[in-house]
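S.K.: prediction below, plus the sequence it came from.
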Amino acid sequence: MLPFVFVGLVVAGLVSIGIGVRATYGAQTTADEPQYLLSAISLFEDRDLDISDELALERAAPFREAELPVQTEVNPDGSQLSPHGPLLPLILALPMGLWGWVGAKASLAVIGGLLAAVTAWTMHHRFRVGFSTTFVTTLLFALAPPLAVYSTQVYPEIVAGLAVIVAVGALAADPRRPWLAMAVVIVLPWLAVKYAPVAAVLAIWLLHSAAPTERRRLMAILVVAGALFAAFHQAIYGGLTPYAAGDHFVGGELTAVGTEVNLWGRATRLVGLLVDRGFGLGSWQPLYLLIPLVAAWGWRRHPDLRWPIAVLVVAWLTATFVALTMHGWWFPGRQLIVALPITAVLIGVWADETRLRLGTVAMVGAVGVAAFVILVSAGLSGEITWVVDFAATDDPLRGLARVLLPNYMTPSPTTWALHGLWSVIVGGALFYGWRSARSVAGGHQETEAQAATVAAHVNL
């Protein structure tokens, strides 16, 4: 246990350096971050979610120098509720109340460290990855964007990532003791409604793995939990989701996913979430470019990885077709953080099979860690911020991204040519991963058959 604790402490300490980087030039926090912090203040001081008095007293001034955009709708009784899940403010209430926004961000850095420790523990104990591969892979992901960045951003993402990897570790261990995974399924929507699809997959995994005698009781608990969620939100927010309390969803809560949804247009995100020049995962940590290969390989090579891969796929589809946009007023990767620890596990299992793979992962992953170091250095010196101009660094990786990756924010013939090229590459990676898993599995089966033959001769 001590090595995993050490990993968590190292990650928490290093990512906390990013606390001092401003979100924008006019604010230490921006977008939804002040809303979460104001709700945390209200919970600490008033024991409720009404932030009308915090808004009136301009309590956001210490962490939001610029004027705070309006997100809340004034209720008939004068109260105002931030249109965001209540669980993150509840988690941040104590550190925010005692130590202000720095304490809130520091607590998220601790959660980021805990995420790294649990990821490493799950990789080693649940999926039998060697110590060296486990620690190298975990650190390469935890200390690179976007995980390292969101470990100090006031969003529910890093908490959701921790919850999901806890559930994966629990379900991969002993499905007959499902209560930890059940807790994750219940709490995920309280962090944000957008995590409901991921929670649903975990719930199906939980029910599928449970003993028949336990399944009915688990289903009953899930139904009761869903009813309590709906009742609470209807009573507090006036709808089935916190979006009902917002002033900008005038067409109803479902307009949070868009008013004119173009599924064909959003389908470009299937590749874009990975390779977009500014917002793609691979443009910040190139190891993420291995996702198609290791997902196909893991699905065929390791049946025990299929449920985690299903969680990753559902998170990816949600970010593709349900999320309002891929590009937003946030640092890249936000919509996928919930499932990225699973990616670390997949690549760890894949890399552990040969030294060549591990060496390749180490060299490629170091580029992503360097990207975070450059980002933090530029941010602390005031050259960039987390949201406005994060791509404007002297990082050589950014130079390569501008040449090799499509820019979906300003589509052009070059964009679509690169999109086509990367679509072929992704498809090829899926095919190669599937085929390579077959060849490895076949080799193992042959070896086992040979061993059985030798054993039979020895017995004779």
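M.R.: In hand now; what should we look at?

S.K.: any buried residues in the strand or helix carrying A370, and which?
M.R.: Per DSSP states H and E, A370 falls inside helix 355-380. By 16 or more other CB atoms under 10 Å, the buried positions in helix 355-380 come out as 357-358, 361-362, 365-369, 371-376, 378-379. All C-beta spots, glycine's among them, are computed from the backbone N, C-alpha and C.

S.K.: with stretch 116-131 instead?
M.R.: For stretch 116-131, the buried set under the neighbour-count rule, 16+ other CB under 10 Å, comprises A116, A117, V118, T119, A120, W121, T122, M123, H124, R126, F127, V129.

S.K.: hang on, the earlier thing: next secondary structure after the helix holding A370?
M.R.: Sequence-wise, the next helix or strand downstream of helix 355-380 (DSSP H and E) is helix 396-404.

S.K.: for that following helix, give the mean pLDDT please.
M.R.: When pLDDT is averaged over helix 396-404, the result is 86.

S.K.: tell me which residues touch the residue nearest to S283 when sequence neighbours are not counted, please.
M.R.: Leaving aside its chain neighbours, S283 sits nearest to A401 (4.3 Å; criterion: CB to CB, 6 or more residues apart in numbering). Residues in contact with A401 (CB atoms under 8 Å, 6 or more residues apart in numbering) are R277, G278, S283, A391.

S.K.: closest one of those to P341?
M.R.: Distance to P341, by CB to CB, is smallest for S283 among those, at 19.8 Å.

S.K.: neighbour-wise, give me the winner out of the contacts of A401.
M.R.: Within the contacts of A401, most neighbours by other CB atoms under 10 Å means S283, with 27 neighbours.

S.K.: was I right to think that one contacts D395?
M.R.: No: counting by CB atoms under 8 Å, S283 does not reach D395; the two are 10.2 Å apart.

S.K.: next up, the contacts around E157.
M.R.: Y150, R334, I337, V338.

S.K.: low pLDDT regions in this structure?
M.R.: Counting by pLDDT under 70, the chain shows low-confidence ranges at 174-177, 247-256, 258-259, 439-460.

S.K.: before we move on, the earlier item: export the contacts of A401 to TSV and tack on distance to S52?
M.R.: Below are those laid out as TSV (distance: CB to CB, whole Å):
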residue	distance to S52
R277	41
G278	37
S283	41
A391	38
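
S.K.: which of these lies closest to F135?
M.R.: The closest of the contacts of A401 to F135 turns out to be S283 (CB to CB; 25.4 Å).

S.K.: tell me the SS of the residue nearest to the spatial centre of the chain?
M.R.: In the chain, the C-alpha closest to the average C-alpha coordinate belongs to I337, at a distance of 1.2 Å (CA atoms, centre = their mean). Under DSSP: H, G, I helix; E, B strand; the rest coil, I337 falls in the helix class.

S.K.: any idea how far I165 is from it?
M.R.: As judged by CB to CB, to the nearest Å, I337 and I165 stand 11 Å apart.

S.K.: ok so, going back, which non-adjacent residue is nearest the residue nearest to the centre of the chain?
M.R.: E157 (3.7 Å).

S.K.: distance check, that neighbour against L380.
M.R.: 22 Å.

S.K.: so which bits of the helix or strand where W99 lies are buried?
M.R.: Element membership of W99, judged by DSSP H and E, is helix 87-125. By 16+ other CB under 10 Å, the buried positions in helix 87-125 come out as 87-93, 95-97, 101-124.

S.K.: now that helix, how far from the centre of its chain.
M.R.: Offset of helix 87-125 from its chain centre (CA atoms, centre = their mean, to the nearest Å): 14 Å.

S.K.: which other helices and strands contact it?
M.R.: Contacts defined by 3 or more CB pairs under 8 Å, 6 or more residues apart in numbering; DSSP states H and E place helix 87-125 against helix 2-15, helix 33-45, helix 131-142, helix 147-150, helix 157-173, helix 179-191, helix 340-351.

S.K.: out of those helices, flag the one nearest A267.
M.R.: With CB to CB as the criterion, A267 lies closest to helix 340-351 of the helices and strands packed on helix 87-125, at 21.2 Å.

S.K.: that closest one: which residues count as buried?
M.R.: Along helix 340-351, these residues count as buried under the neighbour rule (16+ other CB under 10 Å): L340, P341, I342, T343, A344, V345, L346, I347, G348, V349, W350, A351.

S.K.: what about the residue nearest to the centre of the chain, distance to L162?
M.R.: Distance from I337 to L162, counting by CB to CB: 10 Å.

S.K.: what of V294?
M.R.: Relative to L162, V294 is positioned 22 Å away (CB to CB).

S.K.: okay, the two: which has more neighbours?
M.R.: Ranked by neighbour count (other CB under 10 Å), V294 and L162 place V294 first, with 25 against 22.

S.K.: so the more buried one touches G433, yeah?
M.R.: Yes: here V294 reaches G433: they are 6.4 Å apart, a contact under CB under 8 Å.

S.K.: assess the claim that A167 and A181 are in contact.
M.R.: Yes: between A167 and A181 a contact is recorded at 4.5 Å, counting by CB under 8 Å.

S.K.: what's the overlap in contacts for those two?
M.R.: L202.

S.K.: go through the contacts of A401 and name the one nearest L81.
M.R.: G278 (32.9 Å).

S.K.: in the helix or strand hosting L312, which residues are buried?
M.R.: According to DSSP H and E, L312 maps onto helix 306-317. For helix 306-317, burial by neighbour count (16+ other CB under 10 Å) applies to W307, P308, I309, A310, V311, L312, V314, A315, W316.

S.K.: what sits against the closest residue to the second one other than its chain neighbours?
M.R.: Spelled out, it's P308. Spatially, and ignoring its direct neighbours in sequence, P308 is nearest to I342 (4.8 Å; CB to CB, 6+ apart). Listed by CB under 8 Å, 6+ apart, the contact partners of I342 are V164, I165, V168, P308, I309, V311, L312.

S.K.: now, the most widely separated pair of the residues you listed?
M.R.: Spatially, the most separated pair among the contacts of I342 is I165 and I309, at 13.9 Å (CB to CB).

S.K.: centre of the chain to stretch 117-135, how far?
M.R.: Using CA atoms, centre = their mean, the offset of stretch 117-135 from its chain centre is 19 Å.

S.K.: could you do stretch 54-66 as well?
M.R.: 29 Å.

S.K.: same question, stretch 301-318
M.R.: Its chain's C-alpha centre and that of stretch 301-318 lie 14 Å apart, by CA atoms, centre = their mean.

S.K.: sorry, back to before: between the contacts of A401, which sits nearest T133?
M.R.: Closest to T133, out of all of those and judged by CB to CB, is S283, at 24.9 Å.

S.K.: the closest one and G359: what is the separation?
M.R.: 23 Å.

S.K.: since that was my last question, I'll sign off now.
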